[in-house]
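S.K.: Using only what follows, build the 3D model:
(chains A and B)
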Amino acid sequence: MTGRDWRPTASSSVLRQRARLVERMREFFAARGVLEVDPPLLQPGANLDHGVAPFRIDGPGGPYFLPTSPEHPLKRLVAAGSGAVWALAPAFRAGEVGRWHSPEFRMLEWYRPGWDDRQLIDEVIALLAALTGWPEADSEIVSWREIFKRQLGLDPFAASDDRLLAALGSDAGVAQRDGAVDRALALDVLLVRDIERGLGRGRWTVVTDYPASACAQARLRTDRHGTAVAARFEIYRDGVELANGYHELTDGAELAVRLERERQSRPDADRLVLDGAFLAAMAAGLPDCAGVAVGFDRVVALALGCDGIAAVQPFGHRR
Amino acid sequence: MGSIEISEVSKGTKLLIDNAPWNVIEANFFKPGKGNAVYTLRVMNLITRNTLEKTYRGGEKMETADITDVEMQFLYSDTNGFVFMDTSSFEQITVTPEAVGDDKDFLLENMPVGVTLWNNQPIALRLPTTITVEVVYTEPAVKGDTQSRVMKPAKINTGAEVKVPIFIAIGERIIINTQSREYSGRAQK
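M.R.: Residues are numbered from 1 along each chain as shown, chains lettered A, B, ... in the order given. Next comes the predicted model:
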């Protein structure tokens, strides 16, 4: 695309419908007593979600990091006793470009003090149903283990390395590094290639109990097989991941260890700064709560029948 | 020749995979929540035109293929192959029958044709999507039946045979889609 291509990527009719969906969302949260807030965009430290690269801004008073989600300021509010809060906030992720990805997008995120992930799942589906008009009742909850068993006949926790490579077939090389099998990567490739696009066909599919290695800021629990899993869920519709929620980890010391481990695992570790104010808030005490992040552009695209998010953003990212 | 990171690959990027040149038809980015970046590519072999789906992990380095597309004009064919002229430099090159393949059926003298070069060697042609040709032989036309979907063989002035509706007569100029190799209508007089 040339720099002269100045026209919007979304039609004016789509933008009008998008604005109505935002109004409907405000009414939804107002009726439920959840407070709308505007989180800041210049963060003193980075969000360090695995596999997500933040933008760093060097300048007077910096460095600053653009939020990859509004998680840090929202949790600081909850820690300060705000009660339930929500935000529709800009989020930035370096290098993410695709039909359903963009380096900048709008994240809808909210927190429910005193709730667990199960209670929050019901509220997320209620909101998605209100925005799309698709019935709340058409939903299922399956474990991460179960979606692999259902589609590929393998147990992702128990399958041998050879079993994973066999399932990858001609893509087996992708998951091997220096002769060893990267199991997490192998399972990600299988998920993306063979499973994800079939999830949530004609219903809300909620996937729960993710591997402990992908816990991010969720607490851990033991599933009925005795495996340690993350109290995390994702919600899919028509093959597209819409939401990612946790029963939040409230142990500030454990969280600091996880984030420092993630920072050190990165090639640019010395350019990344942990968010001190966020860690201080977590150390002071996050109340027991559940939180969820929703890719708002994706929800709008699905609701309006658009094949990708650029068609619902005024100026979608162009390569 | 060069290298490129998978995140920089997009539709139209030319890649060198297993020592063959491939054109990227579709590039997709995926990232399971809290997981690793995964890319899938649909690629077409520029020589055989086979297509493949390939999967890559984030950060992988790919080799690019040195591919250039040159606008040329078809001059004639002889025993060595097919002779084209570069319309900007007026240089002439000979393209082998293997590289031309079935596209030989739709080559007309002086026709503009794109020629794909790999390391400066011609490997494939890019014909116009549609071309206008003349019917040089076919069975007599069935008059009046212009709604018919019944087809009959016809020889065209490139020497190739195509299927045309039964109302087409010798000497008529028709439009052929070079991708599907099908009749797509009568040419405007």
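S.K.: and chain B, which of its residues are near chain A?
M.R.: B:7, B:10, B:28-38, B:40, B:54-58 (C-beta under 8 Å from any C-beta of the partner chain). C-betas here are computed from N, CA, C, even on glycine.
S.K.: Of those residues, keep whichever come out buried.
M.R.: Among the residues of chain B next to chain A, the ones that count as buried by 16 or more other C-beta atoms under 10 Å in any protein chain shown are B:7, B:28-38, B:40, B:54-58.
S.K.: quick revisit: next step: the residues of chain B next to chain A restricted to strands.
M.R.: Residues of those located in strands (DSSP state E): B:Asn28, B:Phe29, B:Phe30, B:Val38, B:Thr40, B:Lys54, B:Thr55, B:Tyr56, B:Arg57.
S.K.: So what pairs up with the third one in the strands?
M.R.: Put plainly, it is B:Phe30. Under the criterion DSSP bridges, B:Phe30 forms beta bridges with B:Val38.
S.K.: From what I see, it and B:Val38 are in contact.
M.R.: Yes - taking C-beta atoms under 8 Å as the definition, B:Phe30 is a contact partner of B:Val38 at 4.7 Å.
S.K.: list residues touching both of these two?
M.R.: The contact sets of B:Phe30 and B:Val38 overlap at A:Val192 (C-beta atoms under 8 Å, 6 or more residues apart in numbering or on different chains).
S.K.: could you say what helices and strands the strand or helix carrying B:Arg42 packs with?
M.R.: Secondary structure assigned from DSSP states H and E places B:Arg42 in strand B:38-45. The contact analysis (3 or more C-beta pairs under 8 Å, 6 or more residues apart in numbering or on different chains; DSSP states H and E) places strand B:38-45 against strand B:14-17, strand B:20-30, strand B:51-57.
S.K.: the inter-axis angle of that strand versus strand B:51-57?
M.R.: Strand B:38-45 and strand B:51-57 are oriented at 150 degrees to each other (axes from the mean of the first three to the mean of the last three C-alpha atoms, to 10 degrees).
S.K.: Work out the gap between strand B:38-45 and the centre of the chain.
M.R.: Put simply, strand B:38-45 sits 19 Å off its chain's centre (C-alpha atoms, centre = their mean, to the nearest Å).
S.K.: do stretch B:12-20 as well
M.R.: Relative to the mean C-alpha coordinate of its chain, stretch B:12-20 is positioned 17 Å out (C-alpha atoms, centre = their mean).
S.K.: Need the CA coordinates for it. CSV is fine.
M.R.: Below are the C-alpha coordinates for stretch B:12-20, written out as CSV (Å, rounded to 0.1, in the frame of the first residue of the first chain):
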residue,chain,number,x,y,z
GLY,B,12,3.6,-12.0,-3.3
THR,B,13,6.9,-12.6,-1.5
LYS,B,14,9.1,-15.0,-3.5
LEU,B,15,10.7,-17.7,-1.3
LEU,B,16,13.4,-20.3,-1.9
ILE,B,17,12.1,-23.6,-0.4
ASP,B,18,14.0,-26.9,-1.0
ASN,B,19,15.9,-25.2,-3.8
ALA,B,20,12.8,-24.2,-5.8
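S.K.: Quick check: mean pLDDT of it?
M.R.: Across stretch B:12-20, pLDDT averages out at 94.
S.K.: buried sites along that stretch?
M.R.: Within stretch B:12-20, the residues that count as buried by 16+ other C-beta under 10 Å are B:Thr13, B:Lys14, B:Leu15, B:Leu16, B:Ala20.
S.K.: For the last one, list each beta-bridge partner.
M.R.: As for beta bridges, B:Ala20 partners with B:Ile17 under DSSP bridges.
S.K.: Isn't it up against B:Asn45?
M.R.: Yes - the pair B:Ala20 / B:Asn45 is scored as a contact, 5.7 Å apart, by C-beta under 8 Å.
S.K.: Find the residues that touch each one of the two.
M.R.: Between them, B:Ala20 and B:Asn45 share no contacting residue under C-beta under 8 Å, 6+ apart.
S.K.: Tell me the spacing between whichever residue of chain B sits closest to chain A and A:Ala159.
M.R.: When distances are taken as C-beta to the nearest C-beta, chain B reaches nearest to chain A at B:Phe29, 3.3 Å away. To A:Ala159, B:Phe29 is 26 Å away according to C-beta to C-beta, to the nearest Å.
S.K.: Can you read off the pLDDT for B:Cys189?
M.R.: Heads up, residue B:189 is Lys, not Cys. Value listed for B:Lys189 in the pLDDT field: 68.
S.K.: List the buried residues of stretch B:163-174.
M.R.: Quick answer for stretch B:163-174 (16+ other C-beta under 10 Å): B:Val164, B:Pro165, B:Ile166, B:Phe167, B:Ile168, B:Glu172, B:Ile174.
S.K.: List the ones among those that fall in strands.
M.R.: Using DSSP E, B:Val164, B:Pro165, B:Ile174 are the members of these that sit in strands.
S.K.: quick one: the last one and B:Ala187 touch, right?
M.R.: It stands for B:Ile174. Yes - counting by C-beta under 8 Å, B:Ile174 touches B:Ala187, with 6.0 Å between them.
S.K.: Need the overlap of contacts for these two.
M.R.: Shared contacts of B:Ile174 and B:Ala187, defined by C-beta under 8 Å, 6+ apart, are found at B:Thr132.
S.K.: Enumerate the residues of the stretch 201-319 of chain A near chain B.
M.R.: A:Tyr210, A:Ala214, A:Cys215, A:Ala216, A:Arg232, A:Glu234, A:Glu241, A:Asn244, A:Arg319.
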